[in-house]
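Generate coordinates for the sequence data below:
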Amino acid sequence: MSIRFSRAVFVSALGFCCSLLVQSPANAALGGDPMTPPAGSSEISRTVAPSTSNGIAVMRSASSASSGATTASSSAAASASYTVRETTLGNSTVIREYISSAGSVFGLAWSGPQMPDLASLLGNYFPQYVAGVTSARKLRGGGHGSGVVQDSGLVVRSGGHMGAFSGQAYLPQALPAGVSGTDIQ
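Alright, predicted model coming up:
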């Protein structure tokens, strides 16, 4: 009986120690509110307003570092169609949230040495992503590879290899005027 108790205590302690090493989830959700940056992360925000000048797209932006506050001139903020908020997690993975003027996340991009928690990032759209990837893998006969879903209501491209992962996800119907899927980077 004492060996079982000692083993249970050891396994519990090991589990607790491992949980301390795991990065906390980003808590962003596609189609929802922006994430609350986890402790130990850094953040940069910039307000972006696409406009045209002689047929060429011009991007105006303002940025702030680490404070989490967006600092923008009043004219740029007033005409902004979206904000890009970049968060670097403690594991060096960078997540960029594309936030509409109404405050909801319409696009996400990520890159880094570890894959972010897609269930947290995609929120209610995660089951649709899993179903799309599963269907695509069945069509090509199984195997592994990049996770690509391109539906009318959701586009996700995710791939990479150990130490170098990247991806994009966006809601085509929620893209602000003048913004395309190629702007989500």
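
C-alpha only now, for contacts and for neighbours.
Fine.

Identify the residues contacting Tyr82.
With contact taken as Cα atoms under 8 Å, 6 or more residues apart in numbering, Tyr82 is in contact with Thr47, Val48, Ala49, Tyr98, Ile99, Ser100, Ser101, Pro176.

ok, so of these, who is nearest Asn91?
Among those, Tyr98 lies closest to Asn91 (Cα to Cα), at 21.2 Å.

tell me the SS of the closest one?
What DSSP: H, G, I helix; E, B strand; the rest coil gives for Tyr98 is strand.

Most neighbours among the contacts of Tyr82, which one?
Scoring the contacts of Tyr82 on neighbours with other Cα atoms under 10 Å, the highest-scoring entry is Tyr98 at 30 neighbours.

Return the distance of it relative to Gln150.
Applying Cα to Cα, to the nearest Å, the value for Tyr98 to Gln150 is 18 Å.

Likewise for Gln173?
Distance check for Gln173 against Gln150: by Cα to Cα, it reads 13 Å.

Tell me which stretches of this structure form strands.
For the chain, the strands defined by DSSP state E cover 42-53, 56-60, 63-65, 82-88, 94-100, 105-112, 147-150, 155-161, 164-170.

quick one: the fourth one to strand 94-100, angle?
Just to be clear, that refers to strand 82-88. 160 degrees (axes from the mean of the first three to the mean of the last three Cα atoms, to 10 degrees).

The last one now?
Orientation of strand 164-170 against strand 94-100 (the same axes, to 10 degrees) gives an angle of 10 degrees.

For strand 164-170, buried residues please.
Phe165, Ser166, Gly167, Gln168, Ala169, Tyr170 (16 or more other Cα atoms under 10 Å).

now those residues in TSV, with distance to Thr134 and pLDDT?
Formatted as TSV, the buried residues of strand 164-170 follow (distance: Cα to Cα, whole Å; pLDDT from 0 to 100):
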residue	distance to Thr134	pLDDT
Phe165	20	95
Ser166	19	96
Gly167	17	96
Gln168	18	97
Ala169	17	97
Tyr170	19	97
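
Could you point out which of the contacts of Tyr82 is nearest to Trp110?
Using Cα to Cα, Tyr98 comes nearest to Trp110 of the contacts of Tyr82, at 11.4 Å.

isn't the closest one right next to Ser81, touching?
No - using Cα atoms under 8 Å, Tyr98 is not in contact with Ser81, being 10.1 Å away.

follow-up on the earlier one: and Gln173 and Gln150? which has more neighbours close in?
The residue with more neighbours, out of Gln173 and Gln150, is Gln150; 15 against 10, by other Cα under 10 Å.

and the more buried one, what are its bridge partners?
Note on Gln150: beta-bridge partners by DSSP bridges are Val155.

Quick check: it vs Val84, distance?
For Gln150, the distance to Val84 equals 22 Å [Cα to Cα].

cool, Arg137 as well?
Computed with Cα to Cα, the distance linking Arg137 and Val84 is 32 Å.

Same check on Ser104?
To Val84, Ser104 is 11 Å away according to Cα to Cα.
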